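Visitor: Build the 3D model from these lines:
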Amino acid sequence: MDDHVYSVTEIVGTSKTSVEDAVQHGIRTAAKTLRNLEWFEVTQIKGHIVDGDVAHYQVCMKLGFRYDPK
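Guide: Below is the predicted model:
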């Protein structure tokens, strides 16, 4: 494995349907503007409750993206 240098950014993905959808939505959206995304780490799962039901899932994540070698 080659040596790499990574930058880490934090995002929050959201979904009305599930935690997994919130993760996928966050990563897909970030991938539109960040190159070389290679890993993610879920740091927190939160949600919004309405009338005793989960109305919205919020997943806080760290994303690692690799710097291009010069």
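Visitor: where are the low-confidence patches of this structure?
Guide: 1 (pLDDT under 70).
Visitor: And the strands in it, which stretches?
Guide: 6-15, 37-50, 53-66 (DSSP state E).
Visitor: wait, which of these is closest to His25?
Guide: Nearest to His25, of all those, is strand 6-15, at 4.8 Å by Cβ to Cβ. Quick note: C-beta positions are derived from backbone N, CA and C, even for glycine.
Visitor: Ala22: neighbouring residues, count only.
Guide: Using other Cβ atoms under 10 Å, Ala22 has 25 neighbouring residues.
Visitor: got it, and Trp39?
Guide: 11.
Visitor: Specify the beta-bridge partners of it.
Guide: Trp39 forms beta bridges with Gly64, as assigned by DSSP bridges.
Visitor: in terms of contact, does it touch Leu63 like I think?
Guide: Yes. Assessed by Cβ atoms under 8 Å, Trp39 is found in contact with Leu63 at 7.4 Å.
Visitor: Tabulate the strands of the chain (a markdown table), appending distance to Ala30.
Guide: Shown next, in a markdown table, are the strands of the chain (distance: least, Cβ to Cβ, whole Å):
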| stretch | distance to Ala30 |
| --- | --- |
| strand 6-15 | 6 |
| strand 37-50 | 7 |
| strand 53-66 | 6 |
